[in-house]
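Participant: What follows is a predicted protein model with its sequence.
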Amino acid sequence: MKKKEDIKFTGSDTEGGITSGYQMNDGVKLKVPYSFFGSIYDEEEAKAVKMAMAQESQTMGPQVTLFQREFAKLFEVKHALAASNCTTAMHAATQAFGIGKGDEVIVTPNTFIATSLVILKEGAKPVYADIDPRTFNIDPKQIESKITSKTKAIYVVHYAGQMCDMDPIMKIAKKHKLYVLEDCAHATGSKYKGRPAGSIGDVGCFSFHSLKNITTLGEGGMITTNNDDLADKLQRMRVMSITHWDPKQTVWNFAGYKKEKKSEKDYWLPSHFDVTDDNGKWGCNYRMNESQAAVGRAQLRKLDMLIDKRRENSHFLNDAFKNIKGIRGVYEDPNCYHSYHLYTLLIKEDELGCSRDDFMRVMYQEEGIQGIQHYQPNYHFSGLKKMYKYPDKLCPVAESFFYNEQTNLPMNPRLTKDDLKMMVTGIKNTVKKVRK
């Protein structure tokens, strides 16, 4: 029997499958695998965890408070509220917006299912607007035609770390009195015209999953807003609708079954907290623990270094690929500071004479470079098709992008120069082989 420390787990062995690892255990010898860890840990994170473990409070305590305060300052917002992950952050925001049954939310099809899922969970319908063929973000020109009397919000995703064209999106939202949620899962460290991700829309939601630009022990999230009323609702939505008793209201004295004024001296009366709904919406337990927050604070101090490494690696690849016919490196919008959560390579079938899938087979099986696909248009998932019967070719640009053109190359701040050179050599060899 193998010793515990000798057991090697693959993506197919873990409970999360492809959502918790990309090692396929298929016999392919990889030169540059796609890592499931997108950051760098060192002694600073280890010390932070040890410090948090020594506290009496282990959840939503002083480390969370400091993490929120430091995040808000760095991202230039009034409020930052920690959450258990980006999905729960977006769900809390969807509830705070009052979105419910019969409502519609315009959203990009090029996103992880979580962006659509939080809309579906409240009984609303995701309405998909096609993407820009250069940035792969939601195309502002496609949004307005999707707006109806049922539309309540626009949910944008800053794909790969390049922010959406926010000015026209905010103009459309203001015209039609719609909320804007920024899904910033890819965009910690990104900017649009000098403004940080999560500071432009009504709400921003960040991910600290193990793949992301910074991570809080594998999971974690943050909600940002400049709106005081939304911040008040979001606070309750992420912590089970808990609030304080109003000191001015009367409360029941169950010993005598009569009302009396609340005592301001006795902290336990009438109980430690009140619970109230927000227009029929009820919160849930979406809290962050202290160890996660302590690590998040350490990661925030490294953010500039981590993004600099991602950008340096990506620019190296861009320079190497710019004169190779049949493939395209990443386009950078001059209005944006790209944080390169992903490095998306485009394969042009008409120039190469082979399909994207044939290109990937050679790149992976013969050259040992692992590509990962993001994201299947959400309306093609079985559950959504069954529920809303979305038509074929609903977003042709997004469909061509996912099925015919793109793959994401390994990208993280731990890549070495040798890793990058092997990737370039592997891509060049693949181009030569598929042309033959």
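Facilitator: Received it, and whenever you're ready, just let me know what you need.

Participant: Which helix or which strand is home to residue 233?
Facilitator: Residue 233 belongs to helix 228-237 when assigned by DSSP states H and E.

Participant: and if you look at residue 297?
Facilitator: Going by DSSP H and E, residue 297 is in helix 290-321.

Participant: quick check, distance from that helix to the centre of its chain.
Facilitator: 15 Å (C-alpha atoms, centre = their mean, to the nearest Å).

Participant: same thing with stretch 318-336?
Facilitator: Using C-alpha atoms, centre = their mean, the offset of stretch 318-336 from its chain centre is 24 Å.

Participant: ok, now stretch 32-41?
Facilitator: 16 Å.

Participant: now swap in stretch 271-282 and tell me
Facilitator: With C-alpha atoms, centre = their mean, you get 28 Å for stretch 271-282.

Participant: What of stretch 344-355?
Facilitator: For stretch 344-355, the distance to the chain centre is 28 Å (C-alpha atoms, centre = their mean).

Participant: strands paired with the helix or strand following the helix holding residue 297, and their directions?
Facilitator: With elements assigned by DSSP H and E, the helix or strand that comes after helix 290-321 is strand 327-328. Partner strands and pairing direction for strand 327-328 (DSSP bridges) are strand 343-347 (antiparallel).

Participant: Just the CA coordinates for the partner strand, please, in PDB.
Facilitator: The C-alpha trace of strand 343-347 is given here as PDB (Å, rounded to 0.1, in the frame of the first residue of the first chain):
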ATOM      1  CA  TYR A 343      -3.300  34.300 -21.800                       C
ATOM      2  CA  THR A 344      -5.700  33.600 -24.700                       C
ATOM      3  CA  LEU A 345      -4.100  32.400 -27.900                       C
ATOM      4  CA  LEU A 346      -6.200  32.600 -31.100                       C
ATOM      5  CA  ILE A 347      -5.800  29.900 -33.900                       C
END
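
Participant: Measure how it sits relative to helix 290-321, angle-wise.
Facilitator: Between the axes of strand 343-347 and helix 290-321, defined by axes from the mean of the first three to the mean of the last three C-alpha atoms, to 10 degrees, the angle is 40 degrees.

Participant: Could I get the average pLDDT for the helix or strand following strand 343-347?
Facilitator: Downstream of strand 343-347, the next assigned helix or strand under DSSP H and E is helix 349-352. Across helix 349-352, the average pLDDT comes to 96.

Participant: Name the residues of helix 349-352 that are buried.
Facilitator: 349, 352 (16 or more other C-beta atoms under 10 Å). In short, each C-beta sits where N, CA and C put it, glycine included.

Participant: The helix or strand that it is followed by - contacts with which helices or strands?
Facilitator: For helix 349-352, the following helix or strand on the C-terminal side (DSSP H and E) is helix 356-361. Applying 3 or more C-beta pairs under 8 Å, 6 or more residues apart in numbering; DSSP states H and E, one finds that helix 356-361 contacts strand 343-347, strand 406-409, helix 417-435.

Participant: Any idea which of the ones you listed gets closest to residue 362?
Facilitator: Within the helices and strands packed on helix 356-361, the stretch nearest residue 362 is helix 417-435; the backing value is 4.8 Å (C-beta to C-beta).

Participant: hmm, who's touching the closest one?
Facilitator: With C-beta atoms under 8 Å, 6 or more residues apart in numbering as the test, helix 417-435 has contacts from 31-32, 313, 316-317, 320-321, 324, 326-327, 345, 352-354, 358-359, 362-363, 366-369, 409-410.

Participant: Buried residues in that helix, which are they?
Facilitator: 419, 420, 422, 423, 424, 426, 427, 430, 431, 434.

Participant: Please state the offset of that helix from the chain centre?
Facilitator: That offset, for helix 417-435, works out to 30 Å (C-alpha atoms, centre = their mean).

Participant: can you check stretch 200-216 too?
Facilitator: Put simply, stretch 200-216 sits 5 Å off its chain's centre (C-alpha atoms, centre = their mean).

Participant: Kindly report the same for stretch 276-288.
Facilitator: 21 Å.

Participant: Show the end-to-end separation of that stretch, please.
Facilitator: 21 Å (C-alpha to C-alpha, to the nearest Å).

Participant: Numbering from 18 from now on, please.
Facilitator: Done: numbering now begins at 18, and the last item shifts to stretch 293-305.
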